[in-house]
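K.L.:
give me a 3D structure for the following:
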Amino acid sequence: MSEGSLRVDPEGLRRCITMCDEHAKNMRRMAERAREELWIESLGIGEHELESARLLIQKFNDKAVGGGKIAYESSAVGLLLSHERYALDMKATFEAVLRAYEEQEGITASALGQIGGVL
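P.N.:
Residues are numbered from 1 along each chain as shown. Sure thing, here's the model as predicted:
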């Protein structure tokens, strides 16, 4: 890109849109897995008798899905879902750029078609 010019690769934008969509879906699947697989009921460390063991399990669960003093965004599930949102935001940006490019290309082609008849 040189000063004052901008080049747009529509196929590159379409590939970026597809990759963002795939990444978002992967992050959603990973978040669902994290919610299911990281939650623990028991570690066999005396959690039925010891308060400290119960607190440790709760801390692990809070870190997995949010809760307690762990912000949702800092949990495994929250972090993965934030990556999903970011990928979807990027996808929307690429879609908007592609749409604007295609609209402008249509306007330019139409204008050139009209001018071409009088040249």
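
K.L.:
next, give phi and psi for residue 70.
P.N.:
phi -90, psi 120 (degrees, to the nearest 10).

K.L.:
which non-adjacent residue is nearest it?
P.N.:
Nearest-residue entry for residue 70: residue 62, 4.2 Å, with adjacent residues in sequence omitted and distances by C-beta to C-beta, 6 or more residues apart in numbering. The way it works is simple: take the backbone N, C-alpha and C, and place the C-beta from them, glycine included.

K.L.:
which helix or which strand is home to that neighbour?
P.N.:
Taking DSSP states H and E as the criterion, residue 62 maps to helix 51-65.

K.L.:
so for that helix, what gets flagged as buried?
P.N.:
53, 57, 61-65 (16 or more other C-beta atoms under 10 Å).

K.L.:
just stretch 94-106 next, same as before
P.N.:
Buried-residue list, stretch 94-106, by 16+ other C-beta under 10 Å: 94-95, 98.

K.L.:
and of these, the nearest to residue 113?
P.N.:
residue 98 (22.1 Å; C-beta to C-beta).

K.L.:
wasn't the closest one part of a strand?
P.N.:
No. Residue 98: not assigned to a strand; according to DSSP: H, G, I helix; E, B strand; the rest coil it is helix.

K.L.:
which SS class is the closest residue to it other than its chain neighbours?
P.N.:
Sequence neighbours aside, residue 13 is the residue nearest to residue 98 in space, at 4.4 Å (criterion: C-beta to C-beta, 6+ apart). Secondary structure, three-state DSSP: residue 13 is helix.

K.L.:
residue 13 against residue 100, yeah?
P.N.:
No. With contact defined as C-beta atoms under 8 Å, residue 13 does not reach residue 100; the gap is 10.4 Å.

K.L.:
let me see the contact set for residue 61.
P.N.:
Residues in contact with residue 61 (C-beta atoms under 8 Å, 6 or more residues apart in numbering) are 38-40, 67.

K.L.:
save the residues you listed as CSV, and put in distance to residue 26, neighbour count and secondary structure too.
P.N.:
As requested, these are exported to CSV (distance: C-beta to C-beta, whole Å; neighbours: other C-beta atoms under 10 Å; DSSP: H, G, I helix; E, B strand; the rest coil):
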residue, distance to residue 26, neighbour count, secondary structure
38, 17, 15, coil
39, 20, 13, coil
40, 24, 12, coil
67, 25, 14, strand
